[in-house]
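Asks: Let's see this in three dimensions:
(chains A and B)
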2 protein chains.
Amino acid sequence: MKKGCKYGSHRVLEPQGVLTQAAYKIDNNMEIYSNEILVDVQSLNIDSASFTQIEEEAGGNIEKIKAKIMEIVGERGKQQNPVTGSGGMFIGTVAKIGEDLKDRDLKVGDKIASLVSLSLTPLKIEEILDVKPEIDRVDIKGQAILFESGIYAKLPDDMPENLALAALDVAGAPAQTAKLVKPGDSVLVLGAAGKSGMLCCYEAKKRVGPTGNVIALVRKQEQADNLVKWGFCHKAILASAQEPMAVLNKTLEANKGKEVDISISCVNIPNTEMSCILPVRDNGVVYFFSMATSFTKAALGAEGVGKDVTMIVGNGYTKDHAEITLQELRESETLRKIFEERYI
Amino acid sequence: MKKGCKYGSHRVLEPQGVLTQAAYKIDNNMEIYSNEILVDVQSLNIDSASFTQIEEEAGGNIEKIKAKIMEIVGERGKQQNPVTGSGGMFIGTVAKIGEDLKDRDLKVGDKIASLVSLSLTPLKIEEILDVKPEIDRVDIKGQAILFESGIYAKLPDDMPENLALAALDVAGAPAQTAKLVKPGDSVLVLGAAGKSGMLCCYEAKKRVGPTGNVIALVRKQEQADNLVKWGFCHKAILASAQEPMAVLNKTLEANKGKEVDISISCVNIPNTEMSCILPVRDNGVVYFFSMATSFTKAALGAEGVGKDVTMIVGNGYTKDHAEITLQELRESETLRKIFEERYI
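Replies: Residues are numbered from 1 along each chain as shown, chains lettered A, B, ... in the order given. Prediction:
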């Protein structure tokens, strides 16, 4: 067996010099290198933006959706939508482990979910078995390859597969929260009623302990009432995350007149950067998990108001993020129940 | 005197709820609030993208450029280009200090440069005296207002005004470098031959001390030779910042086979996120100062290669950034000479 590049660059066909995500076409030959893992794929969870685009192009016709996906993977060697650029993830069973990765806590037959994007993952589809448009899922017969750097999670035995997947989908946010938040901190979570928002609130509340203050920003009274009732935050405030002065004033009111130590953005709308920055004290941290964040609006915005805050780009990966996130569902019966009701 | 909002929101005319940068129109009445500073403006340094747009629209005609600027400021109460959204900065003399800001180290008559954008600064132009297209500068008779949160730098007595301005323009980067880099660190600076790149290299080399390693990434052999000769880095490597595998391999070669502790991006081209992320060790820091950085490419890119790095959005402001940056020019005769030759 030959050894490949840790990051998979040995599989880039064109253009040369980039990594597999930026590549137009990658090598999906399923003979593995010594530092790769071969997986028998059961399902693809197509990224929502990508699936919607394919579905529209196909006029909702299932056979046309299948044909489009076969065409993309045939052409590019990976399921990367040429319009949206996005991919998704897969679920499957480990078929073969390269000899350089034998030491891993993984064996042939283990069921795993990929936590890297399909947009960079070598994939070969033999047959599409089913398309489930309501959950953006495509069941297939086929194989995929994980590189040495490719992250994945073993699916746990103690909860349904779909429950685990719903949480793993946003695993970066709560795990980063766990590492960032210290006892006694005051924390503002924007977009607190969504999936990642709730996980971040829960984790932050646990970390700040009895002397801290977790403030959840939401749009609706019912959401605020629920988050407080469930014990996911100390206080919940109502405001539009696009109105920074309102967010600032309500946060101050909920934090004894003081700016918070940390803000965490889990919103799904644009133009909320100033609402994340303004309420944070000098030398505090602004953690942008929202993919709707604009780099320039954050950088110029903080400068414009003379705020000396550390602004962090939410990395979807941090060590043990899958385990940290699944543990939340084991710890909190409330959280698990909400996830079961809403997301599976 | 009435007291205004620290961030200037009392001057927003439309739409309500946003801050002055996001506002379409702000109040440029020059009667100050108790926490504002009135400045007699001498020159506007129009943001390069904005000036180019205005110049093109005016077909290069100076009188038409003047008319366009008068029109923008008349309509919006600030010099914010409606096409590019960007502003610039001003130089002027303090005319009046609101009573709540009397304790500042500032007096009427001091010459200052604004370090917040014109895109959020109330401005009234009485007359445009001159337009200098070669340096994007507009000399005017007029006044501007700084809010309580508005940052500025007193222009120093010991160097020419234009020299100070050239450095202050990018003051955030070297000042953040000063706070981030520790003795013994290995640091990769991408885009090291540019203005902010050189300042970051110089500052990083000073901070890492004798046991550290500062690696400058540039495009041309001459740039590499110069940076080493001037003592701004330990090693200089040649590669395109858009080719992450080449950047990784050359960095490893220049760092005894090890990933670096910190990378600092000062490039002025897009699609360089992976080149900043790949060469950094787990738990290291990636500091994006480049305005060409894409938030989503950074976030998804790090996840895609399973890199547990802290990615920071370059904040143009950090405490004492002007002083830290001007000090570099005082310390290093070489740096000062290069700046005098190239940037003024």
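Asks: Domain map for chain A?
Replies: Listed domain ranges for chain A are A:9-155, A:172-343 (source: automatic domain parsing).
Asks: Which of the ones you listed has the highest mean neighbour count?
Replies: Most buried of these, by mean neighbour count (mean count of other Cβ atoms under 10 Å in any protein chain shown): domain A:172-343, with a mean of 21. The way it works is simple: take the backbone N, C-alpha and C, and place the C-beta from them, glycine included.
Asks: any residue of that one up close to chain B?
Replies: Yes: interface with chain B: domain A:172-343 contributes A:172, A:240, A:242-246, A:271, A:274, A:278, A:282, A:288, A:291, A:293-296, A:298-319 (Cβ under 8 Å from any Cβ of the partner chain).
Asks: Adding mean pLDDT and distance to B:Y24, write the domains of chain A out as JSON lines.
Replies: Formatted as JSON lines, these follow (pLDDT from 0 to 100; distance: least, Cβ to Cβ, whole Å):
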{"stretch": "domain A:9-155", "mean pLDDT": "95", "distance to B:Y24": "30"}
{"stretch": "domain A:172-343", "mean pLDDT": "96", "distance to B:Y24": "14"}
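Asks: Kindly reformat these as TSV containing distance to B:P210.
Replies: Formatted as TSV, the domains of chain A follow (distance: least, Cβ to Cβ, whole Å):
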stretch	distance to B:P210
domain A:9-155	33
domain A:172-343	28
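Asks: What distance do you get for the residue of the stretch 1-150 of chain A found nearest chain B to B:V247?
Replies: Closest approach of the stretch 1-150 of chain A to chain B (Cβ to the nearest Cβ) occurs at A:G17, with a separation of 4.1 Å. Noted for A:G17: a distance of 10 Å to B:V247, by Cβ to Cβ, to the nearest Å.
Asks: Please verify my assumption that A:T293 contacts A:C266.
Replies: No: in this structure, A:T293 is not within contact of A:C266 by Cβ atoms under 8 Å, at 10.7 Å.
Asks: The residue of the stretch 1-150 of chain A closest to chain B: what secondary structure?
Replies: Following DSSP: H, G, I helix; E, B strand; the rest coil, the label given to A:G17 is coil.
Asks: Surely it and B:A241 touch.
Replies: No: the pair A:G17 / B:A241 is not scored as a contact, 11.3 Å apart, by Cβ under 8 Å.
Asks: So which residues on the stretch 1-150 of chain A come close to chain B?
Replies: Selection of the stretch 1-150 of chain A residues close to chain B by Cβ under 8 Å from any Cβ yields A:5, A:7, A:9, A:17-19, A:21-22, A:115-117, A:119-120, A:149-150.
Asks: Now the phi/psi pair for A:I312, please.
Replies: Main-chain dihedrals, A:I312, degrees, to the nearest 10: phi -110, psi 130.
Asks: Does it touch A:F289 like I think?
Replies: No: judged on Cβ under 8 Å, A:I312 makes no contact with A:F289 at a distance of 9.1 Å.
Asks: hey, what's in contact with both of the two?
Replies: Jointly contacting A:I312 and A:F289 under the rule Cβ atoms under 8 Å, 6 or more residues apart in numbering or on different chains are A:Q176.
Asks: would you say A:E126 is within a strand?
Replies: Yes: under three-state DSSP, A:E126 falls within a strand.
Asks: what's near enough to touch the nearest residue to it once chain neighbours are set aside?
Replies: If the residues on either side of it in the chain are set aside, A:E126 comes closest to A:K141, at 4.5 Å by Cβ to Cβ, 6 or more residues apart in numbering or on different chains. The neighbourhood of A:K141, defined by Cβ under 8 Å, 6+ apart, consists of A:125-127, A:129.
Asks: hey, what's A:K141 bridged with?
Replies: Beta-bridge partners recorded for A:K141 (DSSP bridges): A:E127.
Asks: Give me the distance between it and A:F288.
Replies: Distance, A:K141 to A:F288, using Cβ to Cβ: 39 Å.
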